[in-house]
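*Asks:* kindly return the folded structure for what I paste below:
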Amino acid sequence: MAMGARHADIFKQFLFSGALLALAGTLAGLMIAAFAAQLIASSLYQVRPIDPAVFISVPLLLMVVALLASCLPARRAARVDPMSTLRQG
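*Replies:* From the prediction side, this is the model:
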C-alpha cells in the first residue's frame, strides 16, 4: 500500500496465495488418494475404489474451506496502515 497498491489488490493477492496453496495440496491429495485406492481395491467389498462423487465433492469442500480460511488474514492484511508498519520496521 505504501507503493500505491489498493486495499482490494492486497486482499486479492493474499486470497490468491491461499487458493494456490490449497489447490496444490488438493491435487497432491487427489493423486495420493487415487494411488491408495488402487492399493486397497482388493480388500473392498461391493464398493468401487474410486468413487467420482467423493473425488469431486471432498476436494471442492476443502477448497471452499481453504478460501474461507484465507479471507480473514487477507482482510487483516488489507486493513494494515502502511505508515505504522513502516515506522515499526
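
*Asks:* center of this structure - which residue?
*Replies:* Among the residues of the chain, the one closest to the centroid is A22, at 2.4 Å (CA atoms, centre = their mean).

*Asks:* and S17, how many residues sit next to it?
*Replies:* 13 (other CB atoms under 10 Å). C-beta: built from backbone N, CA, C; applies to glycine.

*Asks:* ok, it - contacts?
*Replies:* S17 makes contacts with S70, as judged by CB atoms under 8 Å, 6 or more residues apart in numbering.

*Asks:* mind running it again at 10 Å?
*Replies:* S17 makes contacts with S70, P73, A74, as judged by CB atoms under 10 Å, 6 or more residues apart in numbering.

*Asks:* please apply the same query to F11.
*Replies:* Contacts for F11 (CB under 10 Å, 6+ apart) come out as S70, C71, P73, A74, R75, R76, A77, A78, R79.

*Asks:* taking those, please make a PyMOL selection of just the buried ones.
*Replies:* Those of the contacts of F11 that count as buried under 16 or more other CB atoms under 10 Å are selected in PyMOL with:
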select buried, resi 70+74+78
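
*Asks:* wait, isn't L21 in contact with A66?
*Replies:* Yes. L21 is within contact range of A66, at 7.6 Å (criterion: CB atoms under 10 Å).

*Asks:* looking at those two, which is more packed in?
*Replies:* A66 (16 against 12).

*Asks:* state the pLDDT value of that one.
*Replies:* Listed pLDDT for A66 reads 93.

*Asks:* give me every residue that touches it.
*Replies:* Counting by CB under 10 Å, 6+ apart, A66 has contacts G18, A19, L21, A22, L23, G25, T26.

*Asks:* Provide the secondary structure category for the second one.
*Replies:* Secondary structure assignment for A19 (DSSP: H, G, I helix; E, B strand; the rest coil): helix.
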